[in-house]
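K.L.:
Here is my input; please provide its structure:
(chains A and B)
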Protein chains: 2
Amino acid sequence: MKKLFIFFSLLISSLVFAKSSENIKIANTSEITEDATPYVLHKILENNNAKSIVFEKGTYHFYPDKGLSKFVYLSNHKDVFVKLAFPIEGFKDFTIDGQGSTFIFHGKMIPFLVQDSENIKIKNVTVDWAMAFHSEGEVIAHNDKEHTFDVRFGDEYPYDIRNEQIYFVKEYYEHDLGQTINYDKERKSIAYNDKASTPISTTARSSKKHNIDKIKYKYKVDKHGLTLRKVGVENRIRVKEIEPGVVRFYNHKKALPPIGTILSTKGQQGENRVAPGIRVTYTKNFDIENVTLHHAGGMGLLVENSENLTIDKFTITPSGDRMVSTTADATHFVGCRGLIKITNSLLENQLDDCVNIHGTYQEVVEQLGPKKLGIRMGHHQQEGFIIGRKGDQIGLVKIDKSFSPYHEGLTIESIQRINERYQIMTFKEDIPSGIEVGDYIENLTAYPEVILEKNVFRGNRARGILLSTPKNTLVKDNYFQSEMEAILVPVESTKWYESGSQANLTVVGNTFDNCNYGGLSRGIIRFHTDEDNTSIAFHNILIKDNTFKLFDNMVMEVHNTDGLTFENNKMLSSDLFPQLFPENPAFVIKHSKNIVFKNNDYKGKATKMIESDGSAVNVDFQ
Amino acid sequence: MKKLFIFFSLLISSLVFAKSSENIKIANTSEITEDATPYVLHKILENNNAKSIVFEKGTYHFYPDKGLSKFVYLSNHKDVFVKLAFPIEGFKDFTIDGQGSTFIFHGKMIPFLVQDSENIKIKNVTVDWAMAFHSEGEVIAHNDKEHTFDVRFGDEYPYDIRNEQIYFVKEYYEHDLGQTINYDKERKSIAYNDKASTPISTTARSSKKHNIDKIKYKYKVDKHGLTLRKVGVENRIRVKEIEPGVVRFYNHKKALPPIGTILSTKGQQGENRVAPGIRVTYTKNFDIENVTLHHAGGMGLLVENSENLTIDKFTITPSGDRMVSTTADATHFVGCRGLIKITNSLLENQLDDCVNIHGTYQEVVEQLGPKKLGIRMGHHQQEGFIIGRKGDQIGLVKIDKSFSPYHEGLTIESIQRINERYQIMTFKEDIPSGIEVGDYIENLTAYPEVILEKNVFRGNRARGILLSTPKNTLVKDNYFQSEMEAILVPVESTKWYESGSQANLTVVGNTFDNCNYGGLSRGIIRFHTDEDNTSIAFHNILIKDNTFKLFDNMVMEVHNTDGLTFENNKMLSSDLFPQLFPENPAFVIKHSKNIVFKNNDYKGKATKMIESDGSAVNVDFQ
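P.N.:
Residues are numbered from 1 along each chain as shown, chains lettered A, B, ... in the order given. Predicted coordinates:
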């Protein structure tokens, strides 16, 4: 029953004497490639002065079983334990060079975790997972009378049906039927007007609650957090296997998803982002060059509290027959500074935005001394996030009164993370007397300049790019085909607690090719706040020399903006999709001033050009 | 909408200048007692040279919201993040004195976490939780035809019914219908013959699995772990609310639980132990004196890798109308050394054993060098456990051949915890050539001497005490009334991976008052291994001067034992319960030798005294 010992590992024991090596070389041998995790891990752990790790070209598997375990607070993900082969912590001037290799990961791993480091580069590598963190199946039949539909799930997506619910079982992981969306198989992109049929309405109110309203909490609780949100909610959808691999869905509320579309599902929100592709924190000068990510169980690249991010020739695209690449944003930057530069990249088919750049709001819950505040994280996926570092300037915001800070003169002395939700922040200066419970803080230092140039953004769920930084931002010569807004400039203060009212934005030379085809009535470029007030959030915007191909009317929505010039843009009519909202105008302007249109060329279908609340608009359409 | 600031906390800001205080005093004022967590926490964090923290007598609430968050690997619990008010880490000569105070905890907190400390005492305090981690309800009706029963849940136990499943909602926590057992309301103890009707049969096989058998794992996986065990399993029981607070249970397989009994449930195994009362690790000389725990969401006292534990006048007992005290063992010791002494204590009504003392087996998965092994944790609730420290002696065991190590000469040089399951262990000496994959290691140094004297063990689910240490163990003048074995001396190598074949055990002067009434056919004292072999596990046992009150026949089972004397014991017949197994003998002896009975007084009901496989038994019954 017991096997004789196999190993006398060349792999690990040899390393004890290799601490000084400057350049780690990894050979393409089967002892390593079949599970490269223990070998690579020990090389990394024992050579933190190394300048590079270079892989002989090949295909390397990385299993979690012997990976380094680490708990990570991940912004906009579930905070989890992950396994690592590349814990790049405290490295300086270090390059990971795959030399064209492919790395196949298994289970809940973060391929590259970079932390407290400086001058780090990842290049020439392709990353995929053996089994995806999401599942896909083709809609093959409808029963209109019963309002049911049938989906065939391929061999790649094993499932288990429990109490009429479907669970997709992976290596070391499973997910339920949550966060569904349809893909168009031919276009290999989100299906036209997908909002009509998805997401599948998975939840309903539970049948009986008893005494739950009598539970008293001393402090504010988050009813959207992972525990409390279960209360009062049950499964609405029921499924039944019709034949092996084919599952019928009952009780869907929306339209039946079209036959031939590919239904994707990744499990319920909050539970399904557990393994981003590349995660960078507290790092200065991080480069990606010529890297392909076919998948991640979360975002492709997640960067927090870092400085100078240079992303060139970064490709997010699904492998094989999969419709979906990463299961969340392709790239996401929180609390970064310096310059974020993304060029020559293809970010497609992921299940959330292509680029999202923002800071965070955190909520004041109490004053603990003249220079000391108790702070609460607003969103459960911001748990554990540290807003800044010693010396950063903090602004105090009363968001219902103004998007700009009412006080800017506070310098961080220290931050003590008491727990996931609660931190104690000490400032160098006294806190002003006007501060109130419920005020927000934002870090005024931790906003980046941004250059997004010559990229392709398409095929994904949700937006092209989200921008929330007041610093110089250039969006130039990119191609967009997004099912929602191509460019969303938001203030998301009430749900996501994301800060950074955009200013100094130049959008020039881009092609917007039939965006907003998913079914929402929104501007392709959209300036929007979720606070219902008239104050100004956005400043100094130039949108120039862009081409819009338009199957539908709406080009741009502008809310709460002071100073926007829309100049020399071409707007062409397209028949790529049937029109969705023929009654819409081309432009909507609200709570704004100094909005200038000049020298634009409009050939779209809209019968009304501008719908405005009377904000100052100068129009010069050709 | 926004409140003006309330606080200018005396509480925390004043502490900045208090670092040198030797004795922390906590006043019984409402600012503190309404949530003592932030005040106590900062006192502890900022005074780690303090010699005591003394509470003015009163009732203090502890909420998690401002508690220190810490991830804890907890043996025999779920590994979780907990919130702390008392993080006693790196303290020396430190006493927590409640002076008769009551501490009421809220949510997933560990009241006292003691780590890397020396000479720590907790005294004169009563601990309870505002809302329990389990739930209780009275069985009020049967429907024999439908085989259903109705349970009334009091106001203390809010619930939510989702898809015909019941979930009990607490502050910051919820549990499902798992791990049920009946209590007898009058006796305030586990119900007689409860095994006939509980646990409620909550699970069944799921209806359809597709392709799951095609998932290939490179390494051994734990099908009992929290992810994989969900596969292929669905809910069997269905519930329906009959009237507010009264719930009908359908589809139960066993007998209906008797009307008038109290059904307790704590949620499914593996998920439900998240907040032990007192947790001690890597600590030398830890004392408990005059402490009452009314509840914990897990064990009362969990001690790992510590030395010299002195527990006097420790009371585990439920508060108010609750039947259940702690939801797992009253006390549990893993990998401890020195002396464990428990005296004058009352451990009752918890949902698992009163005392459990053992080491761990860990599995050899590979040899990585002449002195280096890769080791795997066997049970998912041993994840993260470190078996020993530098200098400890490790034994190598081939458990199917012998319970004794085949090699004892390995000294720990270092242990590297790569992840929850996998560690790399380096020894001072070369590993012997006979080692094989699947061999076990055990720590021969980390076994304690034990004294259990003048304690009362009763009312709980499961055993009185479990003993697994080869060192001197004295069980003297205790009272037992357990629903399973009073004393279990096991080798649990295949499921729980618990090591420490008992030797040198003296059981003297105890009263065993109608134990084993729960419905299992077992010895009141039981020596048992879960390996099916004839080799000797247990040595040098003396059982003398004890009184057994017997409603049933079986007194003792002896397996795999060499050298046991059962002498001068009184066995009296009792009618407290109806007899369950009238065909049983009084004693069962198997795979043993040198078993001596002398000078005993037997007045029980058994018609056959000894059932033996021919092991050497000398009998002298009076």
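
K.L.:
and the residue nearest to residue A:246 when sequence neighbours are not counted, what is it in contact with?
P.N.:
Nearest residue to residue A:246 in three dimensions, chain neighbours excluded: residue A:152, at 5.0 Å (Cβ to Cβ, 6 or more residues apart in numbering or on different chains). (Each C-beta comes from the backbone N, C-alpha and C, glycine too.) Residues near residue A:152 by Cβ atoms under 8 Å, 6 or more residues apart in numbering or on different chains: A:137-138, A:140, A:245-246.

K.L.:
Now the buried members of those residues.
P.N.:
Neighbour counting by 16 or more other Cβ atoms under 10 Å in any protein chain shown classes A:137-138, A:245-246 among those as buried.

K.L.:
Out of those residues, which comes closest to chain B?
P.N.:
residue A:245 (5.8 Å; Cβ to the nearest Cβ).

K.L.:
what sits against the closest one?
P.N.:
A:152-155, B:210-211.

K.L.:
related to what we said a few turns ago, just give me the closest of the buried ones among the contacts of residue A:152 to residue A:40.
P.N.:
Closest to residue A:40 out of those is residue A:137 (34.7 Å), distances taken as Cβ to Cβ.

K.L.:
just checking, the closest one touches residue A:155?
P.N.:
No: using Cβ atoms under 8 Å, residue A:137 is not in contact with residue A:155; the gap is 11.2 Å.

K.L.:
Identify the single longest helix in chain A, thanks.
P.N.:
The residue-count maximum for a helix in chain A (DSSP state H) belongs to helix A:37-46.

K.L.:
Mind listing the strands the helix or strand that that helix is followed by pairs with, and their directions?
P.N.:
Toward the C-terminus, helix A:37-46 is succeeded by strand A:52-55 as the next helix or strand (DSSP states H and E). In the sheet containing strand A:52-55, its partner strands are strand A:23-26 (parallel), strand A:92-105 (parallel), by DSSP bridges.

K.L.:
Let me see the contact set for the closest residue to residue A:371 other than its chain neighbours.
P.N.:
Spatial nearest neighbour of residue A:371, chain neighbours left out: residue A:427 (4.7 Å); criterion: Cβ to Cβ, 6+ apart. Shown in contact with residue A:427 (Cβ under 8 Å, 6+ apart): A:371-373, A:394, A:410-413.

K.L.:
same thing but at 10 Å, please
P.N.:
Taking Cβ atoms under 10 Å, 6 or more residues apart in numbering or on different chains as the contact definition, residue A:427 lies against A:369-373, A:394, A:409-414.

K.L.:
So which of these is the closest to residue B:390?
P.N.:
Taking Cβ to Cβ as the measure, residue A:414 is the one of the contacts of residue A:427 closest to residue B:390, at 35.4 Å.

K.L.:
Tally up the residues packed near the nearest residue to the closest one once chain neighbours are set aside, please.
P.N.:
Computed as Cβ to Cβ, 6+ apart, the closest residue to residue A:414 that is not its neighbour in sequence is residue A:426, at 4.8 Å. If you count neighbours by other Cβ atoms under 10 Å in any protein chain shown, residue A:426 ends up with 17.

K.L.:
And for residue A:46?
P.N.:
17.

K.L.:
Against chain B, how distant is it?
P.N.:
From residue A:46 over to chain B the distance is 11 Å, taken as Cβ to the nearest Cβ, to the nearest Å.

K.L.:
Please apply the same query to residue A:145.
P.N.:
The value you get for residue A:145 to chain B, if Cβ to the nearest Cβ is used, is 24 Å.

K.L.:
Kindly list the main-chain dihedrals of that residue?
P.N.:
phi -70, psi -50 (degrees, to the nearest 10).

K.L.:
residues near it, how many?
P.N.:
Residues near residue A:145, counting by other Cβ under 10 Å, number 6.

K.L.:
Now do stretch A:305-322: distance to the chain's middle.
P.N.:
On the basis of Cα atoms, centre = their mean, to the nearest Å, stretch A:305-322 is displaced by 12 Å from the centre of the chain it belongs to.

K.L.:
And for stretch A:308-324?
P.N.:
Stretch A:308-324 sits 13 Å away from the centroid of its parent chain (Cα atoms, centre = their mean).

K.L.:
Next, the distance between the ends of it.
P.N.:
29 Å (Cα to Cα, to the nearest Å).

K.L.:
Same check on stretch A:259-273?
P.N.:
By Cα to Cα, one end of stretch A:259-273 lies 29 Å from the other end.

K.L.:
Quick check: mean pLDDT of it?
P.N.:
Stretch A:259-273 carries an average pLDDT of 96.

K.L.:
State the phi and psi torsions of residue A:181.
P.N.:
phi -160, psi 150.

K.L.:
and the stretch 251-400 of chain A, which residues reach chain B?
P.N.:
Counting by Cβ under 10 Å from any Cβ of the partner chain, the stretch 251-400 of chain A comes close to chain B at A:364-372, A:374, A:376, A:383-384, A:398, A:400.

K.L.:
Now that we have the residues you listed, which of them are buried?
P.N.:
Buried residues within these, counting neighbours by 16+ other Cβ under 10 Å: A:364-369, A:371-372, A:374, A:376, A:383-384, A:398.

K.L.:
circling back to that earlier point, filter the contacts of residue A:427 down to the ones in strands?
P.N.:
Among these, the members falling in strands (DSSP state E) are A:369, A:372-373, A:394, A:409-414.

K.L.:
Quick check: of the residues you listed, which has the highest neighbour count?
P.N.:
Taking other Cβ under 10 Å as the neighbour criterion, residue A:394 ranks highest of those with 27 neighbours.

K.L.:
what pairs with residue A:596 across the strands?
P.N.:
With DSSP bridges as the rule, residue A:596 is bridged to residue A:565, residue A:618.

K.L.:
From chain B, how far off is it?
P.N.:
From residue A:596 over to chain B (counting by Cβ to the nearest Cβ), the distance is 37 Å.

K.L.:
my guess is that residue contacts residue A:562, does it?
P.N.:
No: counting by Cβ atoms under 10 Å, residue A:596 sits too far from residue A:562 to count as a contact (11.6 Å).

K.L.:
So these two - more neighbours on which side?
P.N.:
residue A:562 (19 against 15).

K.L.:
how about the nearest residue to the more buried one, chain neighbours excluded?
P.N.:
Using Cβ to Cβ, 6+ apart, the closest residue to residue A:562 is residue A:536 (4.5 Å).

K.L.:
Same question for residue A:587.
P.N.:
What sits nearest to residue A:587 in space, not counting adjacent residues and going by Cβ to Cβ, 6+ apart, is residue A:610, at 4.5 Å.

K.L.:
count of residues packed around residue A:289?
P.N.:
Using other Cβ under 10 Å, residue A:289 has 17 neighbouring residues.

K.L.:
what kind of secondary structure is it in?
P.N.:
Secondary structure state of residue A:289, per DSSP: H, G, I helix; E, B strand; the rest coil, is strand.

K.L.:
who's the residue nearest to residue A:246 bridged to?
P.N.:
In beta-bridge terms (that is, DSSP bridges), residue A:152 pairs with residue A:138, residue A:246.
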